[in-house]
Each structure stands twice: as C-alpha cells, then as structure tokens.
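Participant: turn this into a structure:
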Amino acid sequence: MNRFDDDLRQAARSKTRTVIIASMVMLVLGVALTGYFLSFRSLSILVKPSPAQQIASISITNGTALALGKRIYSLSDQVTLRLSAPKYQDANLTVSAAHFGSELTVTMVPKPGTLHATVTPPTNVNWHLNDKFAAQSNTLERQLVPGSYQIAVKSDYHETVERQVTISAAEDTVIDIAIPVITGTLYAAMTPPGEIRIDGTTVDISRPIMLGPGPHNIALSADGYHPISETIIVQQDQRQFTRSYTLQPKPIQIRHQLNPKGGNLFINGKAYDISQSPLSVPYRSNLDIEYAKQGFATKRQSQTVTPGETLSLSIALKPKFGDITVTANIVAEVYLDGQPVGPTPLQMSVPTLPAQLELRAAGYETAAKTITPAAGKPQSHKFTMITVRAAKLRDAKARYTSKSGIDMLFIQPNGARYSMGGARSEPGQRANEFIRQIALERPFYVATHELTERQFYGKGSAMPLVNVTWEKVALYCNKLSQQEGLTPFYQTENGNVTGFAAEADGYRLISEAEWEFLARAHKRPKQTIFPWGDDPVVPPKSGNLAGDKAKPASESYIAGYQDGFSGIAPAKSFPADQSGLYDMIGNVSEWTHDAYSFEPPRNSSVETDPLGRYSRGAHVIKGANFKSASRTELRAAFREGSDTPRDDVGFRLARYL
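Facilitator: Numbers count the residues shown, from 1 in each chain. All right, here's what the predicted structure looks like:
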C-alpha cells in the first residue's frame, strides 16, 4: 500500500471520528434538552387500593406520551390513559396540561363475582339477599360486588334456611342449599262415626294425622248422612289443625198409598202434599204420622227410622156414617152426588162427607143443596119443589139487552083476557077484523121498540128496519137465539123457514094477539079502541103519523097534528106508552108472527096464546105508520096481510120466557 492510500484512509478515519463525536454531542445535547423539557410535562399516577398499585399497568390509548412505571411524560397537551390490573375493572382517564407536574390518584374497582345458588329439592322459593327480596325461582344467579352476603331461602312448604357467603372478584361462587319440607298435624273427630279420607286414602282419626306440605282434601262419609269435604293447606304459618266434623242426616223418603185419596197427611205435626211421592221428610229417629179426611176416622201411627231410610207407608181410613131423612112436597127422585138413591120420602145412612143432595121430577126445577152428615146426629132435609115454568118466572129479569143491543121488556099477562078485533058497529071497522076471545097465559119478553138497521146489520142508523122480507127477519131471530143459548123458534130447511116450535124460548116476531093486547089492553083500566084510548082525536106527541108536515108524502093527513117528521123517525123519538113500549102508534107498521087469514073463527071459544098455523104466504101487519091518517088505520084492531117488503113496514121481536 502506498503512502497516498494510507493518507486517504487516515483522513477517512479522522472524518468518521469527527462525525461520531459530533453525533454523540448532538444526542447528549438533545436528551438534555428533552429531559429538561419533559421535566415540566409529566405527572405521577397513584393507584389504589394497595394490591392494585403493585400489579397495575398503564397504557397510552390516545396522544404522544411515555409511561415509565407510574409516571407519565407527555409531549401532547392531552393524553388518554388506561389502567389495567388483574381482577380489577379497567380505569380510563384523560389528563391535560393542567394535570402536569402533579400526582393523580386513581381508585380501581374490583371485578364482580358471580353467585350460582340452587336448592335441593328443586322448587320455586323466595330468595333474599341481605334481608331484601331478590327473586322467586328454583335457582339464583347474580353478579355481586365482592364481599360478604347473607342469603335466606323462604318457601310456604319448606323450612327457612339462611347462609353466609363471600363473593370474590372475578370468581364464580357455587352453593347448593338443602331446604327441609315442613310437616303438619291434623287432630280430627267425627260425628257420627264413619269414614274419613285424606287425598283419597282412608285414615285412622283416633290419633294425630301427620300431613306433608301443601293442600289436602278431607272427605267424610257415613251411611244415611250427607257427605262433607274440606281442603286444608299445610304451610309455614299454619301447620296444626283441629277439626270436629258433624254430618247431617239425609231425609227420610216416604212412598205412600193412602185411601181414600185427598186427605190430609201430617208427619211430626207438619202437613205434606200427598200429590207427590215419595215425600222427603227431615230425619227424626221416630216419626209421628197422622192421616185424616172428613167423613173418615183419623188414623195415627209411629215409625222408628234410620237416616236416609226409604219407608213404605200404607194407610186405609174407615168411613163414618150419619142418618138423613129427605122429604118433599111431591114425589121426587133423590140423587146423592149424582147417583139415584130412591124416591121421597127417604131415610138412609150415608158417609159423613160433604155431598150434593138433589131432587128431580119431570116438569119441576131440580132442587139441590150441599149437606154434611154427622155421625150420631140425624139430619132432616125438606124440599119444596116448583115447576120449571114457575122457576123461570121467579128468575125472570124485568128487562135486559140482547147481544145485538135490543132492549127487551118482561110482560106477565097472568091469564089476561080481551076481545081482539073490531065490532061491526065500530066506526072504521074492516071486514077482516074478526072478533076473537083471547087469553094470554105465557109470560114473554117484547122489544121496547121496532128493530133498527144497526141491530139487524150490525151497523147503520137507529131508523126502523124496512124493505126486508119477513123470512129474513125470522132467520135473524134464530141466529140471535143461537148466540144467546136459546132454543130457535123457527124451523128451517135449506135456509128456508118451514114452521115453528111453539114451546121454544128463542126470539120470534111478536104475535098478533100479543101486539093487540099491548096496544089496547095491557096496563089500562079497560080495553080501548085506539092505543091512547077511545077518543078518535090523536093526542099531541102520540107518535109519528101523517100530520100536517106529511102532506107531500101522504095523500091524507091529520089536520092540526104536528109530529116533527115528514117520513120515518129514529126509534124512540116519542114517549113510551102505558106498557113502557115505543112506537106502538105510528112510525112503521109491524109485521107479526101470524100468517094472514081472512077466515072468521069457527066458534067463540077462548083462544089461549094463539100463534096460528105456519104459512109461507102473507103475514099479518099491525099498527099505523108515518103515512097513516084515517080512523081505520089508527085503531088497535086494524090489520092487513102482505108477503112483500114495504118502506112503511118494520118488525118488533118477542120471545117466550
């Protein structure tokens, strides 16, 4: 190697040493400057508690800083730190320039420990920690701050158990607590003796009965008694039970056969409804039974029974008898409760029961009364029988209104006699007014006024019915009779009148003899020519006749007579006559029941309640009407015959009692 090369190498080594020395000077100077600078931007960390101080470590999570031990050197104005230590929770904090040059104390919190607690046997219980309710379950899992805890386990059906447990940080503490079940005791008595079952098992109650925890069904039974049951619950606050059970006896069932029926049954003084069988009777060891019925000897008996027993009861009463004598004013058949027992006079012995005693005889009203014979006390029953006709007469009403609104007046002739017709010498007499001797025996009802349109049709006015055939009104009479339960008077075939039944009590047209009797003889001192008397002058307000106002409607009129109507007037427009009847004078003439005949009577014998013979031809018309003005027409004896309806002919109804 030449000297030039050595010089070069020596120069290079000198240069290198110079660079190294310069670098080291610069480094020392930098460190010195940095240390000098950092001595003003640092702080010390004091970690508590003491165990954590030894094991804690510090890490920089944000900012430029250096952690040396528990001291922090920061180049940043703000630094975020994390302190970590085993079994402690990390602590995060932020420091700023205000903290530099000081000591900062950080307290670390231990990590919680986990409690795992169970009970044996597994069941839901109430968990308490340090005397506070924690949960209801068969297990308890809780994260707890390390330390000592008081655990209590409570259950209705188990003994209470308490335990002390220490929880360590970040550790699991596992415990199992045995909980003994509680027991109960039942002291029981039962009246009457029988069977007692607890939860379906028969037990002996002569000594205390041990019971496990929880509910228990107690069932008691005895023959003939109503069973009873109860549920008791053995739990913490109720472990001992004392019971004295009394069963109630079942009622007695009585199936009965009682003769005669319909009596009164008493059991232990209480009446029972014998329409029911069996009877349910409250239990008594001895039953006092009594059966009684009027007319029979009462029977009493006693019966010993057991609770719930079914008893068959059979009682037959013996009848008692009493003597009665039955007499009457005629010979009549005697009936007792509808059964014939013989003619009067009659003596007999009959049961002492209420009975219906009747006497019957043809043509006489049945006589009846209720009797109650008595044993040892003879009775006498005397009857006065009256005829059916006399009974009807006794019960007849003075007046009544029919279902169609017809006012009916009762007439009792009592055998009245008068001469019907007009003598030849009588002014105004006509050839058809034959003299006939009449006797009226049968009581009858007569309409107080002529039949109106409203009564016949069920609607219309109070004007008299006119322009209707005689037969239609006869059929109307039968219909009215049927409505009121009377025997129809007119006989019919295929809707036509073919005859009449003289004895029937149904409605009919008034007979000619009845009409003339009422118009001139009834309730009058003597028989008269005109309905108002014998004077031919018509008294004012006598009736609806052909007065002055009738001039346009009638060829003749009664001069000076004013009735206020020129035609037909409503029924009862004028005062009633002596008989209590309206419009026997005027308004409309009246078709009667009798067939019209021009034959004179064959002899002068008295005719009693004549009705004539039936004929489909003309029928007798009686009385004046609103067109009448002549002396002939105004007389009570005036009669004519027609089979054709007219506007001046109406109807008046009657019926026999």
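Participant: domain ranges for this protein?
Facilitator: As recorded under automatic domain parsing, the domains making up the chain are 1-39, 40-107, 113-178, 184-246, 252-316, 321-389, 396-656.
Participant: just send those domains back as TSV, with mean pLDDT and mean neighbour count too.
Facilitator: From N, CA and C alone the C-beta is placed, and that goes for glycine too. Shown next, in TSV, are the domains of the chain (pLDDT from 0 to 100; neighbours: other CB atoms under 10 Å):
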stretch	mean pLDDT	mean neighbour count
domain 1-39	56	10
domain 40-107	90	15
domain 113-178	93	15
domain 184-246	95	14
domain 252-316	93	14
domain 321-389	95	15
domain 396-656	94	18
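Participant: the stretch 551-657 of the chain: strands as residue ranges?
Facilitator: 589-595, 607-608, 619-622, 639-642, 649-651, 653-656 (DSSP state E, counting those that start in this stretch).
Participant: partner strands of the fourth one and their direction?
Facilitator: Here strand 639-642 has these sheet partners by DSSP bridges: strand 619-622 (antiparallel).
Participant: what's the strand it pairs with in contact with?
Facilitator: 470, 509, 512, 515-516, 519, 589-596, 638-643, 649 (CB atoms under 8 Å, 6 or more residues apart in numbering).
Participant: cool, stretch 179-194 as well?
Facilitator: Residues from elsewhere that reach stretch 179-194 (CB under 8 Å, 6+ apart): 119-121, 123, 125, 153, 155, 157-159, 161, 196, 198, 205, 208-213, 218, 220-223, 225, 232, 234-236, 238-247.
Participant: strands - which of those land there?
Facilitator: Mapping the contacts of stretch 179-194 onto strands (DSSP state E) picks out 119-120, 125, 153, 155, 158-159, 161, 196, 198, 209-211, 218, 220-221, 232, 234, 240-246.
Participant: wait, residue 361 touches residue 329, no?
Facilitator: No: counting by CB atoms under 8 Å, residue 361 stays clear of residue 329, with 10.1 Å between them.
Participant: shared neighbours, these two?
Facilitator: Counting by CB under 8 Å, 6+ apart, the contacts common to residue 361 and residue 329 are residue 385.
Participant: how about the contacts made by the closest residue to residue 76 other than its chain neighbours?
Facilitator: If the residues on either side of it in the chain are set aside, residue 76 comes closest to residue 63, at 3.8 Å by CB to CB, 6 or more residues apart in numbering. For residue 63, the contacting residues are 74, 76, 78-80, by CB under 8 Å, 6+ apart.
Participant: from residue 85, how far off is residue 63?
Facilitator: 22 Å (CB to CB, to the nearest Å).
Participant: for residue 251, same thing?
Facilitator: Residue 251 sits at a distance of 88 Å from residue 85 (criterion: CB to CB).
Participant: for residue 479, same thing?
Facilitator: Distance of residue 479 to residue 85, computed by CB to CB: 127 Å.
Participant: surely residue 477 is within a helix?
Facilitator: Yes: membership of residue 477 in a helix is supported by DSSP: H, G, I helix; E, B strand; the rest coil.
Participant: could you find the closest non-adjacent residue to it?
Facilitator: Using CB to CB, 6+ apart, the closest residue to residue 477 is residue 507 (3.9 Å).
Participant: and if you look at residue 597?
Facilitator: Excluding the flanking residues, the one nearest residue 597 by CB to CB, 6+ apart is residue 612, at 7.2 Å.
Participant: hmm, that neighbour is touching residue 595, no?
Facilitator: Yes: at 5.4 Å, residue 612 and residue 595 qualify as touching, with contact defined as CB under 8 Å.
Participant: how close does the residue nearest to residue 608 when sequence neighbours are not counted get to residue 598?
Facilitator: Excluding the flanking residues, the one nearest residue 608 by CB to CB, 6+ apart is residue 439, at 4.6 Å. In this view, residue 439 and residue 598 are 23 Å apart by CB to CB.
Participant: now do residue 425
Facilitator: Look at residue 425 and residue 598: by CB to CB, they are 20 Å apart.
Participant: what do you get for residue 636?
Facilitator: Taken as CB to CB, the span from residue 636 to residue 598 is 19 Å.
Participant: now do residue 246
Facilitator: Applying CB to CB, the value for residue 246 to residue 598 is 108 Å.
Participant: pretty sure residue 17 belongs to a strand, no?
Facilitator: No: Residue 17 is assigned helix when assessed by three-state DSSP, not a strand.
Participant: all helices for the stretch 1-150 of the chain, in order.
Facilitator: Ranges of helices in the stretch 1-150 of the chain, per DSSP state H, counting those that start in this stretch, are 3-38, 50-55.
Participant: identify the residues contacting the shortest one?
Facilitator: For helix 50-55, the surrounding residues in contact (CB under 8 Å, 6+ apart) are 46-47, 70, 85-86, 88, 108.
Participant: output those as TSV; include the columns distance to residue 451.
Facilitator: Converted to TSV, these look like this (distance: CB to CB, whole Å):
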residue	distance to residue 451
46	139
47	136
70	142
85	133
86	133
88	129
108	130
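Participant: quickly check the residues you listed for the two that are furthest apart.
Facilitator: By the measure CB to CB, 46 and 86 form the most distant pair in those, at 18.9 Å.
Participant: returning to what we had before: in strands only, show me the contacts of helix 50-55.
Facilitator: Members of those lying in strands (criterion: DSSP E): 46-47.
Participant: and the contacts of helix 50-55, which is closest to residue 388?
Facilitator: Using CB to CB, the contacts of helix 50-55 come closest to residue 388 at residue 88, 132.5 Å.
Participant: for that closest one, which non-adjacent residue is closest in space?
Facilitator: Of all residues not flanking residue 88 in the chain, residue 108 sits nearest, at 4.2 Å (CB to CB, 6+ apart).
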